[in-house]
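>>> Got a predicted structure plus its sequence, pasted below:
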Amino acid sequence: MIWPEEIDRARKTQEELARKVRRTPLRKKPRSLAGVDAAFSETQVFAAAVVCSFPGLELIEETAVAAEIRFPYVPGYLSFREAPAIIQAVRLLKAVPDLILVDGQGIAHPRGIGIASHIGVLLDIPAIGCAKSRLIGEFTEPGSRKGSWSPLVHRGTIIGAVVRTRNDVRPLFVSPGHRVDLQNCLKIVGACSKNYRIPEPLRRAHLLSKEKKMASQAAG
């Protein structure tokens, strides 16, 4: 797609893509999961895609790319700032992952099209949003033990879940991105959250994007 660089056109693009989002159960149990994340310098975005087996979470493959930043930081429009590079990183993978975990929102977004939904629709791959903070919705604090969760509700509709991935740590805001339902989201995120607050494929993607950023800065 041609990525817009103005807010008005970006909003129209979101509205168009939101109509293509599907909340459906997974057709089959995934055997591979990709975690994707991005780090930023003043002028560049460093995107990483890390594929792990599922449920074993062994590393299968990883890719990373650097690209120029072409969209300003505007809340609610994260996709246009980092998704082009993330999609490029995913497309460099030798094998298409069965599902993508994204550091950001799925449908828990003012226009129902957070970065996980955006990426999922454009790549036509099941995607789950795993955000560290809330963008929209109301919730009650889940229990303090790992696996506890409470619904994230917006205008009377459940749009995601507030999930405790480790005992006594801040919860994650999990929402369906595309071609997955909330029940599957909870199962996948829970199975990927073993020793850390962040699901393992996402944690590895975060580290790789930071590593590429640091290497670029050291070289430049």
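That came through fine.
>>> helices or strands next to the biggest helix by length in the chain in the packing?
The helix that spans the most residues within the chain, counting by DSSP state H, is helix 200-219. Contact here means 3 or more CB pairs under 8 Å, 6 or more residues apart in numbering; DSSP states H and E; on that basis helix 200-219 packs against strand 32-40, strand 44-53, strand 59-68, strand 99-102, helix 182-192. Quick note: C-beta positions are derived from backbone N, CA and C, even for glycine.
>>> If we use 6 Å, what do you get?
strand 32-40, strand 44-53, strand 59-68 (3 or more CB pairs under 6 Å, 6 or more residues apart in numbering; DSSP states H and E).
>>> which stretches of the chain have low pLDDT?
1, 220 (pLDDT under 70).
>>> Now the spatially most central residue of the chain. Nearest residue, chain neighbours left out?
Nearest to the mean C-alpha position of the chain, counting by CA atoms, centre = their mean, stands residue 102 at 1.4 Å. Of all residues not flanking residue 102 in the chain, residue 116 sits nearest, at 3.8 Å (CB to CB, 6 or more residues apart in numbering).
>>> Show the contacting residues for that neighbour.
Residues counted as contacts of residue 116 (CB atoms under 6 Å, 6 or more residues apart in numbering) are 102, 104, 106, 127, 129, 177.
>>> Please report how far it lies from residue 94.
23 Å (CB to CB, to the nearest Å).
>>> Repeat that for residue 114.
Note on residue 114: its distance to residue 94, by CB to CB, is 28 Å.
>>> More neighbours: which of these two?
The neighbour count for residue 114 versus residue 94, taken as other CB atoms under 10 Å, is higher for residue 114 (33 against 8).
>>> quick one: the closest residue in space to that one that isn't next to it in sequence from residue 204, how far?
Closest residue in space to residue 114, ignoring its immediate chain neighbours: residue 105 at 2.9 Å, by CB to CB, 6+ apart. Applying CB to CB, one obtains 21 Å for the distance of residue 105 from residue 204.
>>> More neighbours: the two, which one.
Shown here are residue 105 and residue 204; by other CB under 10 Å, residue 105 has more neighbours (32 against 21).
>>> Isn't residue 106 up against residue 117?
Yes - Residue 106 lies in contact with residue 117 (CB atoms under 6 Å); the separation is 5.1 Å.
>>> how long is stretch 127-146 from one end to the other?
22 Å (CA to CA, to the nearest Å).
>>> ugh, typo on my part, it should be stretch 11-24
25 Å.
>>> go on, stretch 138-152?
Terminal residues of stretch 138-152 are spaced 6 Å apart (CA to CA).
>>> for it, which positions count as buried?
139, 142, 146, 149, 151-152 (16 or more other CB atoms under 10 Å).
>>> One more: stretch 90-108?
By neighbour count on 16+ other CB under 10 Å, the buried set for stretch 90-108 is 90, 93, 97-108.
>>> Spatially, which two of those are the most separated?
Within the buried residues of stretch 90-108, 93 and 108 form the most distant pair, 26.3 Å apart (CB to CB).
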